[in-house]
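1. Provided below are the primary sequence and the corresponding predicted coordinates.
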Amino acid sequence: MQKNIDKQTLFAETPVRQALLTMAIPTIISQMINLIYNMVDAFFIGRTGNSYMMAATTVTLTMVMMNVALSNLFGIGGGSLVSRLMGAGMPERARRVSACSMYAAILLAAVYSLLIGLFLNPILRFLGASDATIDYASSYAMIVIVMGSLPSILSLTLAHLLRNAGFSSQASMGLSMGGILNCALDPLFMFVLMPKGSEVTGAAIATTLSNAIACIYLLRAYFRARGEAPLSPRISDARAISWEDFRALLGVGVPSAVLTGLFDVANICVNILAAAHNDQVLAAMGIVMKVERVPNAVNIGICQGMLPIVAYNFASGNHSRMRETIRTARVFGLAVCFGCMGLFELFAGQAARLFLSTTAGDAAAAIATVGYATLFLRIRCLASPMQFINYSTSYSMQAMGNGPGTLLHAFVRELVFYIPLMFLLDRCFGATGLAAALPVGEGLGALFALWLLRRWLRQHGADR
């Protein structure tokens, strides 16, 4: 019982900076390790000097990111509700929400895997796969998505539930374990166990195996945490969830999933427009999307660490502590963004060459790809501070149960600003305009997000 009281003390009484660091640092570490393991596939594939393999992993990135969107549906939706119910002193309802979230994630993952398996090739063609990349992309997606979505989605969902119940270290350990394993298994499967030319398949096997082991660890951590927090693995608790709580879960989970899903839609549009130029532009954009995830990973870690503290204090009525948490997270996040912007502007070329050798394979195509990636990174990194404002504002609204606001922000950010700008600027300025659409779209989205958050706080008397 004492450990449960300690979680409440962390959320309600510990100095905000200390509480935020306690929650955020393990999450940032796991985000960075998972970022590394996502990059490892691209890094080792890049050692082949094969731009077509790199383009294939860019095509499949959208489907991999959809795992994140689907896990947010019940992970963030259920997790934020668990935190609010803890703050309101309703542990039994929190247990039912956690159980429902876990089993619903399993069902959702199974359906997603089945649909991708049935329509794999048409989906890959739609996402931008060419005759030169379709076989590589199909091999990767069959293993990582069709066979591997269940452990991936369940792992992320369990991590959200654990984190929002105060077990940030355990959640981060599970996700980090998967990342570390993938870093070790990738070269083994790609260059030792699999024949030459099957590097993409080897990377896929390593990734899926790593996710499965991480999932087993997180399931064990979840079962052990149930004695100290309102978490339940029982099917009977999942069935007992009230319609009111299920609606509240979906009220935050659906906008969160849509937010990530629309991000994937935007990436689909980027891939389609980039592929229309040539495979080198597509591969370059894929490299940049991986590099620019460094500040994003840190800042998502900050936001995920912030979310349960904001949710708990909003539900308990401690609005001043809630606002201080949001402000402190914003300062940390923007400092990361501006630091990374400076590094990317100075070392864009070196960052691009980390992911594609210009001395192996087709050197001419690789050099062209690195040139595009260097230019795109210097343009797109300007979006980083605005992206963090969008993330932190969205997570804050999710923490407070403002599903409609989160959903409105997601639609306006992607469908009103970013995607139309993408097509417009690509048409006017070519591939350079395509890259420039991100900072412009994110800037407009950030202004809209801040207005939405201010309006919500004012409506609920939480702005003072």
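-> Received, thanks.
2. immediately after the helix or strand bottoming out on mean pLDDT in the chain, which helix or strand?
-> Least confident element among the helices and strands of the chain, by mean pLDDT, DSSP states H and E: helix 2-12 (a mean of 63). Where DSSP states H and E defines the elements, the next helix or strand beyond helix 2-12 is helix 16-46.
3. other SSEs contacting that following helix?
-> helix 2-12, helix 51-87, helix 149-164, helix 168-188, helix 199-225, helix 279-291, helix 293-316, helix 319-354 (3 or more Cβ pairs under 8 Å, 6 or more residues apart in numbering; DSSP states H and E). Where you see a C-beta, it was placed from the backbone N, CA and C, and this is true even at glycine.
4. nearest to Ile123, of these?
-> helix 51-87 (7.4 Å; Cβ to Cβ).
5. Now do the same for the spatially closest residue to Phe74 that is not a sequence neighbour: helix, strand or coil?
-> Closest residue in space to Phe74, ignoring its immediate chain neighbours: Ser101 at 4.0 Å, by Cβ to Cβ, 6 or more residues apart in numbering. Following DSSP: H, G, I helix; E, B strand; the rest coil, we place Ser101 in the helix state.
6. residues near the residue found closest to Leu162 once you drop the neighbours it is linked to in the chain, how many?
-> Nearest residue to Leu162, sequence neighbours excluded (Cβ to Cβ, 6+ apart): Ala171, at 4.1 Å. Residues within reach of Ala171, counting by other Cβ atoms under 10 Å, total 29.
7. on that earlier part again, TSV for the helices and strands packed on helix 16-46, including distance to Glu414?
-> Converted to TSV, the helices and strands packed on helix 16-46 look like this (distance: least, Cβ to Cβ, whole Å):
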stretch	distance to Glu414
helix 2-12	32
helix 51-87	12
helix 149-164	21
helix 168-188	26
helix 199-225	27
helix 279-291	15
helix 293-316	15
helix 319-354	20
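8. Which one of those lies nearest to Arg380?
-> Nearest of these (Cβ to Cβ): helix 279-291, 5.8 Å.
9. Tell me which other helices or strands that closest one touches.
-> helix 16-46, helix 51-87, helix 243-277, helix 319-354, helix 363-380, helix 431-459.
10. Just the mean pLDDT for stretch 296-306, thanks.
-> For stretch 296-306, mean pLDDT rounds to 89.
11. Kindly compare burial across the helices and strands packed on helix 279-291 and name the winner.
-> helix 51-87 (a mean of 26; mean count of other Cβ atoms under 10 Å).
12. from the chain's centre, how far out does that helix sit?
-> Helix 51-87 has its C-alpha centroid displaced from the chain centroid by 5 Å (Cα atoms, centre = their mean, to the nearest Å).
13. For Tyr140, pull up the helix or strand it's in.
-> Here Tyr140 is covered by helix 134-141, with elements defined by DSSP H and E.
14. Just the C-alpha atoms of that helix, please, in CSV.
-> Taking Å, rounded to 0.1, in the frame of the first residue of the first chain, the C-alpha atoms of helix 134-141 are listed here in CSV:
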residue,chain,number,x,y,z
ILE,A,134,8.0,-3.8,-53.9
ASP,A,135,9.7,-7.1,-53.1
TYR,A,136,11.8,-5.6,-50.3
ALA,A,137,8.8,-3.7,-48.9
SER,A,138,6.5,-6.8,-49.0
SER,A,139,9.1,-9.0,-47.2
TYR,A,140,9.5,-6.4,-44.4
ALA,A,141,5.8,-5.7,-44.0
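15. Show me what it is packed up against.
-> Packing partners of helix 134-141 (3+ Cβ pairs under 8 Å, 6+ apart): helix 51-87, helix 120-126, helix 199-225.
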